[in-house]
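> Sequence and predicted structure, then a few things I'm wondering about:
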Amino acid sequence: MLTHLISGQEADVARSWIEQAAILIEVVAVAIIVVAIISALVRYLFRYVGNQERNTLYHELKVSLGKSLLLGLEILVAADVIHTVALEATPQSVLVLGLLVLIRTFLSWALVVEIEGRWPWQQRSAALAKSDQSPDTDSL
């Protein structure tokens, strides 16, 4: 798509810059996930050794890991969109992008359910009322 808008050497420079930007965004996403996971695990271990409330610690670890994965997935989707739309706007690449977005959306929904105990489209108050009625199942 970019080569249709710009011709010659300028297109090659722009294409290279966009490709490097997409790769940088992917690296940032992976770094966020890795650093957040290590940070959450270290924080959990220090609190666990300090004999704090272990059920609460487990829930906090789960929420922290889920949030870091959600953030990383969102940034990876952005990198995929940049790469596909700006560099490879073929029907096959758009189809692959659509499948990746669907898979990552499903993963994001699953993480929201794990973190908040409700589907993303449910209102927060309905989920809270439901959790007040059900027994605690997170106490491992």
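Right, received. Where do you want to start? In this text, all values refer to a predicted model and were calculated from it rather than measured experimentally. Numbers count the residues shown, from 1 in each chain.
> Does A78 touch I25 like I think?
Yes. A78 is within contact range of I25, at 6.1 Å (criterion: CB atoms under 8 Å). C-beta here means a position set from N, CA and C on the backbone, and glycine is covered the same way.
> When these two are compared, which one has more neighbours?
More crowded of A78 and I25, by other CB atoms under 10 Å: I25, with 18 against 15.
> Below-threshold pLDDT in this structure: ranges please.
Applying pLDDT under 70 to the chain flags residues 1-8, 52, 124-140.
> SS state for P120?
coil (DSSP: H, G, I helix; E, B strand; the rest coil).
> List phi and psi for the residue lying closest to it once chain neighbours are set aside.
Using CB to CB, 6 or more residues apart in numbering and skipping the chain neighbours, the partner closest in space to P120 is V112 (4.9 Å). When quoted as degrees, to the nearest 10, the phi and psi of V112 stand at phi -60, psi -40.
> so V112 makes contact with R118?
Yes. At 7.4 Å, V112 counts as touching R118 under the criterion of CB under 8 Å.
> List the contacts of the residue nearest to P120.
66, 70, 118-120 (CB atoms under 8 Å, 6 or more residues apart in numbering).
> For ChimeraX, what selects the buried ones among these?
Filtering those down to the buried ones (16 or more other CB atoms under 10 Å) takes a single ChimeraX command:
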select :66,70,118
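> Sweet, I'm off.
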